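In: model this:
(chains A and B, ligands or ions: 2)
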Amino acid sequence: MKRIAPIDIAGGILVVAFLALLPMFAASNYLTGVLTVCVIYGIWASSWDFMSGLTGRENFGHSLFIGAGAYTAGFLSSIWSANPWVSLPLGVVIAIAFSLLVGFPTLRLRGPYFALAMLSASAILQRLCLIFWEYTGGEEGIYGLDPLMKNPLHYYWFVLAILAVTVITLTLLARSHWGLLLRAIRGDEATCQAAGINVTFYKIVSLMISAGFAGLGGALYAHYQLQVSPPLFSVVVSITVIIMVYVGGIGSIYGAAVAAILLTLLTEMLRGFGEYRLWIYTLTLMLILFFLPNGLIAPLWRRLTERLR
Amino acid sequence: MTDPLEVHDLLKVDGVTKRFGGLTAVKNASFTLKKGEFTGILGPNGAGKTTLFNILTGFMQPTSGTIHFNGDLVRELAPYKVVNRGMARTFQLTRPFVGMNLLENVLVACMSPRASEDKNKEERASYLLAQVGLGGRDKEPVETLPYGDLRRLEIARALATRPDLLLLDEPFAGLGSSEIEQLAQLIRRLHREENLTILLIEHKLREFMALVSRVIAMNFGEIIAVGPPEEIVKNEKVIEAYIGKTEEAHASA
Ligand SMILES: Nc1ncnc2c1ncn2[C@@H]1O[C@H](COP(=O)(O)OP(=O)(O)O)[C@@H](O)[C@H]1O
Ligand SMILES: [Mg+2]
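Out: Ligands and ions are numbered 1, 2, ... in the order given. Below is the predicted model of the structure:
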């Protein structure tokens, strides 16, 4: 087990405290709402990074798990009128079930099968939502979900706490012997086999963990929007998440979370630029990824704190 | 069905053949290894030695034939399962985990189910590094390691899985003569002290003489002779493969 440097712990506490206090300075439900979405993206991005960042097996359909968690919440809360708190554990379970469905047959194979299967599975789910519109509400989706908490600020703090728990859990796992094996799998699967390691098992379990947190994030998102619709399964969501991880610094987990928050904020702030918004956003990303192939957040943090380690 | 005389056969290879399209890389190979034996596989480049290792360790499936290890059929087992039955290998072209230090490279193998009794993984990995002559260098990155040390690292990783049978694929290739002597000493010591059965591939006759007690000579995928090294060097087929037909063998490799 690699220990976590005190400076990293201090940095983490500062960031979380800053995020928690941010809505107090400029009290507005709009800002609280934007921050809630930022933080949920943080959960999605760090959960992607755990599996794909560490093992190097890229998942092009993380939206499958996100959508699975969200729709589980939608069905439970809106259609079956279940207690909204049931959504969270069941969202996790259903997302994990999907990860087994796709991961089990494809993660034992080498080559692009897993990445493509994830992409197709998320696209298929999006189509199925439209085909079975009588049950899923089609394009409009499902609405009328119950909120988990009445006060938006409380809900934001709750989601922020879940992000903190997610990042801490995944970081501890990544720094354990387990994480070492996942990094070894990225390095050379044949050498792992020669070292007696069941490569497929570790890949599947890490995908299950990744899916579980993504599903949790999906259910949290559903109970924030109080509505779910097919674009949750879209490739756009998956690609957005992947870009966030690359900007954060792949394999760092905390970098993915911070990048997700900053990039989501950036999209919001660019609303004022109207039609130029997408151009500015894309250009910013291209510049970052072109000049900083290792990402921005994690390398920057490591450099800033080099002397304090 | 077990013949009582065969109980001590650690490895039993029976009629193993491997074809790659039109090429037969291993042709009807049969041999046995007894517990504690130190055997060499000799053969010019392209003789099928590495292919045979790949088949034994589950990295490739034979076209036909069977392999018994410790009395169990190991054909069609995944490579990691073969390792956990006690058969570990090194690669001819060393394959370290880049981006990790020496300790972490060995630590990965300490996580295998067969090493589950080793509770303190770091301690064990560190001990193994010292065993192969890389002691005190736990935190060094593998990227800057010279070839000879990479070979030692491969051996430490294989030992971490607590093998009964250790397969070494050309451990001396590309090393200078003093490095070869040191590595040979290490391998000899492991054989003596760790209760290991060793099968070692080499394509130069000279390295074998002092090391192994028995040689399996291969050429064009076939086993052409088996015997102690003194006899092998006098064997006509072996001499032909190495001297008479060298040009031809290289041309077709
Ligand atoms: N994966 C493969 N596909 C096709 N041919 C192969 C493969 N691996 C080895 N060969 C061929 O099989 C023969 C034996 O190779 P190899 O076992 O590596 O020989 P050695 O280790 O004795 O030098 C060579 O002619 C080689 O080109
Ligand atoms: Mg070879």
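
In: Smallest gap between the stretch 51-200 of chain B and chain A, at which residue?
Out: residue B:112 (2.8 Å; CB to the nearest CB). Just so you know, the C-beta spots here come from the backbone N, C-alpha and C atoms, and that holds for glycine as well.

In: Show me where the stretch 101-250 of chain A has its helices.
Out: Taking DSSP state H, counting those that start in this stretch as the criterion, the stretch 101-250 of chain A contains helices spanning A:113-131, A:133-136, A:152-175, A:177-187, A:189-194, A:199-225, A:235-248.

In: can I get the ones you listed in CSV with mean pLDDT, distance to chain B and mean neighbour count?
Out: Output for the helices of the stretch 101-250 of chain A, formatted as CSV (pLDDT from 0 to 100; distance: least, CB to the nearest CB, whole Å; neighbours: other CB atoms under 10 Å in any protein chain shown):
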stretch, mean pLDDT, distance to chain B, mean neighbour count
helix A:113-131, 96, 17, 18
helix A:133-136, 90, 40, 14
helix A:152-175, 97, 12, 19
helix A:177-187, 95, 4, 21
helix A:189-194, 96, 4, 22
helix A:199-225, 98, 7, 25
helix A:235-248, 95, 18, 22
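
In: Residue A:265 contacts residue A:36, correct?
Out: No. Under the criterion of CB atoms under 8 Å, residue A:265 is not in contact with residue A:36, lying 11.9 Å apart.

In: the more surrounded of the two?
Out: Here residue A:265 and residue A:36 are set side by side on neighbour count (other CB atoms under 10 Å in any protein chain shown), and the busier one is residue A:36, at 23 against 16.

In: Could you pull up the contacting residues of the spatially closest residue to the more buried one that is not a sequence neighbour?
Out: In space, not counting the residues next to it along the chain, residue A:36 is nearest to residue A:156; the distance is 4.7 Å by CB to CB, 6 or more residues apart in numbering or on different chains. When the contact criterion is CB atoms under 8 Å, 6 or more residues apart in numbering or on different chains, the partners of residue A:156 are A:23, A:32, A:35-36, A:39.

In: again, but for residue A:115
Out: Residue A:115 is in contact with A:57-60, counting by CB under 8 Å, 6+ apart.

In: Which one of the residues you listed is nearest to residue A:137?
Out: Residue A:137 has its nearest neighbour among these in residue A:60, at 26.2 Å by CB to CB.

In: roughly how far apart are that closest one and ligand 1?
Out: Here the distance between residue A:60 and ligand 1 works out to 29 Å (CB to the nearest ligand atom, to the nearest Å).

In: Check residue A:206 too.
Out: Distance from residue A:206 to ligand 1, by CB to the nearest ligand atom: 29 Å.

In: now do residue A:85
Out: Plainly put, residue A:85 is 55 Å away from ligand 1 if you go by CB to the nearest ligand atom.

In: Enumerate every residue touching that residue.
Out: Applying CB under 8 Å, 6+ apart to residue A:85 gives the contacts residue A:148.

In: Give me the neighbour count for residue A:228.
Out: Summarising burial for residue A:228: neighbours were counted as other CB under 10 Å, giving 30.

In: likewise the one 5 residues further on?
Out: As a burial measure, residue A:233 scores 29 neighbours (other CB under 10 Å).

In: my guess is it meets residue A:62, correct?
Out: No. Under the contact definition of CB under 8 Å, residue A:233 does not touch residue A:62, with a separation of 10.3 Å.

In: Need the residues touching each of those two.
Out: With CB under 8 Å, 6+ apart applied, the overlap between the contact sets of residue A:233 and residue A:62 consists of residue A:122.

In: Leaving out chain neighbours, which residue sits closest to residue 168?
Out: Assuming you mean chain A. Taking CB to CB, 6+ apart as the measure, residue A:168 lies nearest to residue A:12, with 7.8 Å between them; neighbours along the chain are not counted.

In: wait, I meant chain B there
Out: For residue B:168, the spatially nearest residue (CB to CB, 6+ apart) is residue B:200, at 4.5 Å.

In: ok so, going back, what about the residue of the stretch 51-200 of chain B closest to chain A, distance to residue A:102?
Out: Distance of residue B:112 to residue A:102, computed by CB to CB, to the nearest Å: 27 Å.

In: same question, residue A:196
Out: For residue A:196 relative to residue A:102 (CB to CB), the value is 27 Å.

In: So these two - more neighbours on which side?
Out: A direct count of neighbours by other CB under 10 Å for residue A:196 and residue A:102 places residue A:196 higher, at 29 against 22.

In: ok, and the most crowded of the contacts of residue A:156?
Out: Ranking these using other CB under 10 Å puts residue A:39 first, with 28 neighbours.

In: In the stretch 51-200 of chain A, what residue lies closest to chain B?
Out: residue A:196 (2.8 Å).

In: Residue B:109 is in contact with that residue, correct?
Out: Yes. The criterion here is CB under 8 Å, and residue A:196 meets it with residue B:109 at 6.2 Å.

In: Give me the common contacts of those two.
Out: Counting by CB under 8 Å, 6+ apart, the common neighbours of residue A:196 and residue B:109 are B:115, B:161.

In: who touches the residue nearest to the spatial centre of chain A in this structure?
Out: Among the residues of chain A, the smallest C-alpha distance to the mean C-alpha position (CA atoms, centre = their mean) belongs to residue A:44, namely 0.9 Å. Taking CB under 8 Å, 6+ apart as the definition of contact, the neighbours of residue A:44 are A:62, A:66, A:214, A:217-218, A:237, A:241, A:260.

In: wait, which of the residues you listed is closest to ligand 2?
Out: Closest approach to ligand 2 among the contacts of residue A:44 (CB to the ion): residue A:62, at 41.7 Å.

In: burial count for the closest one?
Out: Here the neighbour count serves as a burial measure; for residue A:62 (other CB under 10 Å) it reads 30.

In: isn't it right next to residue A:48, touching?
Out: Yes. Taking CB under 8 Å as the definition, residue A:62 is a contact partner of residue A:48 at 4.9 Å.

In: Show me what the helix or strand hosting residue A:73 packs onto, helices and strands only.
Out: Under the assignment given by DSSP states H and E, the secondary-structure element containing residue A:73 is helix A:63-74. Using 3 or more CB pairs under 8 Å, 6 or more residues apart in numbering or on different chains; DSSP states H and E as the contact criterion, the secondary-structure elements in contact with helix A:63-74 are helix A:87-106, helix A:113-131, helix A:199-225, strand A:227-228, helix A:235-248.

In: how about it: buried residues?
Out: Buried positions in helix A:63-74, judged by neighbour count with 16 or more other CB atoms under 10 Å in any protein chain shown: A:63-74.

In: could I get those as TSV with pLDDT?
Out: TSV is the format used below for the buried residues of helix A:63-74 (pLDDT from 0 to 100):
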residue	pLDDT
A:63	98
A:64	98
A:65	98
A:66	98
A:67	98
A:68	98
A:69	98
A:70	98
A:71	98
A:72	98
A:73	97
A:74	96
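
In: quick one on the thing from earlier: does ligand 2 sit close to the helix or strand the residue nearest to residue B:168 falls within?
Out: Assigning secondary structure by DSSP H and E places residue B:200 in strand B:197-202. No. Taking CB under 5 Å from the ion as the criterion, strand B:197-202 and ligand 2 are apart, separated by no less than 6.5 Å.

In: Quick one: name whatever helix or strand follows that strand.
Out: Sequence order places helix B:205-209 as the next helix or strand after strand B:197-202, per DSSP H and E.

In: so how far is that next one from its chain's centroid?
Out: On the basis of CA atoms, centre = their mean, to the nearest Å, helix B:205-209 sits 16 Å off its chain's mean C-alpha point.

In: Let me see the mean pLDDT of that helix.
Out: In this model, helix B:205-209 has an average pLDDT of 78.

In: Identify all contacting residues around that helix.
Out: Under the contact criterion CB under 8 Å, 6+ apart, helix B:205-209 has outside partners B:40, B:42, B:172, B:180, B:184, B:202, B:215, B:229, B:232-233, B:242.
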